[in-house]
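# sequence below, structure please.
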Amino acid sequence: MNPAALGSEDNASAPVLYVALESSNKSWRLAFGDGTKRRQVSMPAADLAKLV
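The predicted structure follows:
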């Protein structure tokens with residue numbers, strides 16, 4: 001770990017975004033969540049414009 005990246009502040013109460021990516025040759029599935037709300041998105045594989 002980089003000691004400079006570790007601050008003395010406790011970020012335990014900061015919001016967290018969870019992201020999952022499932023990829024295949026035909027499609028990609030993304031899942032986003034914050035622990036209470038969840039959202040899933042499907043898109044054609046390698047469609048980087050849609051990913052952004």
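
# not counting sequence-adjacent ones, nearest residue to residue 43?
Leaving aside its chain neighbours, residue 43 sits nearest to residue 50 (4.8 Å; criterion: C-beta to C-beta, 6 or more residues apart in numbering). No exception for glycine: its C-beta is placed from N, CA and C like everyone else's.

# what's the first helix or strand after the host helix or strand of residue 43?
Using DSSP states H and E, residue 43 falls within strand 38-44. Once strand 38-44 ends, the next helix or strand along the chain (criterion: DSSP H and E) is helix 48-51.

# and that following helix, how far from the chain's centre?
15 Å (C-alpha atoms, centre = their mean, to the nearest Å).

# then stretch 34-45?
Per C-alpha atoms, centre = their mean, the centroid offset for stretch 34-45 relative to its chain is 9 Å.

# can you check stretch 42-52 too?
14 Å.

# buried residues in it, which are they?
Neighbour counts over stretch 42-52 (16 or more other C-beta atoms under 10 Å) mark no residue as buried.

# give me the contact list for that stretch.
23, 24, 25, 26, 27, 28, 29, 30 (C-beta atoms under 8 Å, 6 or more residues apart in numbering).

# switch the cut-off to 10 Å
21, 22, 23, 24, 25, 26, 27, 28, 29, 30, 41 (C-beta atoms under 10 Å, 6 or more residues apart in numbering).

# tell me which two of these sit farthest apart.
Among these, the pair separated by the greatest distance (C-beta to C-beta) is 25 and 41, at 18.0 Å.

# quick check: closest non-adjacent residue to residue 21.
Per C-beta to C-beta, 6+ apart, closest to residue 21 is residue 30, 5.5 Å.

# where in this structure is pLDDT low?
Scanning the chain for pLDDT under 70 picks out the ranges 1-12.

# what bridges to the residue sitting nearest the centre point of it?
Computing the C-alpha centroid of the chain and ranking residues by C-alpha atoms, centre = their mean puts residue 19 first, at 2.5 Å. Under DSSP bridges, the beta-bridge partners of residue 19 are residue 32.

# ok, it to residue 33 distance?
Going from residue 19 to residue 33 by C-beta to C-beta, to the nearest Å gives 8 Å.
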